[in-house]
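Q: Mind folding the following:
(chains A and B)
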Amino acid sequence: EADIYQTPRYLVIGTGKKITLECSQTMGHDKMYWYQQDPGMELHLIHYSYGVNSTEKGDLSSESTVSRIRTEHFPLTLESARPSHTSQYLCASSPGVKQYFGPGTRLTVT
Amino acid sequence: DAKTTQPPSMDCAEGRAANLPCNHSTISGNEYVYWYRQIHSQGPQYIIHGLKNNETNEMASLIITEDRKSSTLILPHATLRDTAVYYCIVPRSAGGGNKLTFGTGTQLKVEL
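A: Predicted coordinates for the structure are as follows:
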């Protein structure tokens, strides 16, 4: 099984705060992804990366940004959190097509 | 991704086989069919994938029709822990970067 970690698992934060959701993997996978999922709804790809210094926006527009400075690390940042950002954020990595998912971060912005 | 169509929900008795269908009539000749599941908002879990031959692993079997326009995921002896949303996905080919589009999937409920 792949080892992919997300922290924090749960975050409740006030409007206007800057937050960074962490995602790391230990398999040396080049491809990494961020998905957003509201309760009971579909997963939507918001960012992806095919390697260091490579990031692309996904299918769903998001106000978040990502960076890929190291292969194993793919953090997601919201500069100013809003209640509309309340959602679950799932990170995945892949050596090819098969993706391995982390446990997710459930974000609540009050 | 090639468009896939799945029933929104299915029920299955514990211990019985769960057969989850998927239509992917626009699939191209070199595109694989992938199945994932998501248990109550956890991260999705890979189950199995195939191209044209039937596949089996420790979790499930995948039956792909000869014309490749549909497939069936089989959980041979469903348990309560198999209750989840099951996604049938045909990833975009290399030019699309192998990204996955999850859709709404099939909510499988396994009951006593």
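Q: Near chain A, which residues of chain B are found?
A: Neighbours of chain A within chain B, by CB under 8 Å from any CB of the partner chain: B:32, B:34, B:38, B:41-46, B:49, B:91, B:97-104. C-beta here means a position set from N, CA and C on the backbone, and glycine is covered the same way.
Q: Let's see that with 6 Å instead.
A: By the rule CB under 6 Å from any CB of the partner chain, the part of chain B lying against chain A is B:Gly43, B:Pro44, B:Tyr46, B:Pro91, B:Asn98, B:Phe102, B:Thr104.
Q: Please report phi then psi for the first one.
A: In this case it means B:Gly43. Dihedral pair for B:Gly43: phi -60, psi 140, per degrees, to the nearest 10.
Q: residues contacting it?
A: Going by CB atoms under 6 Å, 6 or more residues apart in numbering or on different chains, B:Gly43 touches A:Leu90, A:Phe101, A:Gly102, A:Pro103, A:Gly104.
Q: By neighbour count, which of those residues wins?
A: Within these, most neighbours by other CB atoms under 10 Å in any protein chain shown means A:Leu90, with 27 neighbours.
Q: what packs against whatever helix or strand that one lives in?
A: According to DSSP states H and E, A:Leu90 maps onto strand A:87-94. Strand A:87-94 is packed against strand A:19-25, strand A:31-37, strand A:100-101, with contacts defined by 3 or more CB pairs under 6 Å, 6 or more residues apart in numbering or on different chains; DSSP states H and E.
Q: in chain A, which ranges drop under the pLDDT threshold?
A: Applying pLDDT under 70 to chain A flags residues A:1-2.
Q: Show me which residues of chain A sit near chain B.
A: A:Glu42, A:Leu43, A:Leu90, A:Val97, A:Lys98, A:Phe101, A:Gly102, A:Pro103, A:Gly104.
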